[in-house]
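>>> Sequence and predicted structure, then a few things I'm wondering about:
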Amino acid sequence: MDWKYLYTSFEGRIPRSSFWIGVLVIWGVFIVLSVVDAMAGLQAEGVGILSIIFAIGSIYPAIALYAKRWHDRNKSGWWTLIAFVPIIGAIWLLVELGCLRGTAGQNTYGADPLGG
């Protein structure tokens, strides 16, 4: 897996498996940093300093993941903004990006990452 492409590029398409691996790595690092914050007492107002810094720093990689996954669904990466709609936005993201298969074959954003 090309981690640099996965977390830095807004071009192309990725399948659900790559999306979930990318999301799980981000969440895994966040959880580890939250535990380190708690164990080291690195909290301000009950919020872990390291985990907050990481969360802010992971915005760009997360958006890159989302954009490529939206592209696999043959939609613009701007659909990521649906996340700002309370409740419905999160459900929509989960279903579209995490559950539904991408467009079979070539689409506007490139070749099928599954080769179909």
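Arrived safely, thanks for sending. Residues are numbered from 1 along each chain as shown.
>>> Residues contacting stretch 106-116, please?
With contact meaning Cβ atoms under 8 Å, 6 or more residues apart in numbering, stretch 106-116 is reached by 11-15, 18, 71-72, 74, 102-105. (C-beta placed from N, C-alpha, C; glycine too.)
>>> Would you mind confirming that Trp70 is in contact with Leu100?
No: applying Cβ atoms under 8 Å as the test, Trp70 and Leu100 come out as separate, 11.1 Å apart.
>>> Direction included, what does the lowest-mean-pLDDT helix or strand in the chain pair up with?
Across the helices and strands of the chain, mean pLDDT, DSSP states H and E gives its lowest value to strand 43-44, namely a mean of 84. Using DSSP bridges, strand 43-44 pairs in its sheet with strand 47-48 (antiparallel).
>>> quick revisit: neighbour count winner among Trp70 and Leu100?
Set side by side, Trp70 and Leu100 show more neighbours around Trp70, with 23 against 11, by other Cβ atoms under 10 Å.
>>> which secondary structure elements does the helix or strand encompassing the more buried one contact?
Per DSSP states H and E, Trp70 falls inside helix 59-72. Here helix 59-72 touches helix 3-8, helix 16-40, going by 3 or more Cβ pairs under 8 Å, 6 or more residues apart in numbering; DSSP states H and E.
>>> now the helix or strand just after it: how far from the chain's centre is it?
Sequence-wise, the next helix or strand downstream of helix 59-72 (DSSP H and E) is helix 88-93. The chain centroid and the centroid of helix 88-93 are separated by 13 Å under Cα atoms, centre = their mean, to the nearest Å.
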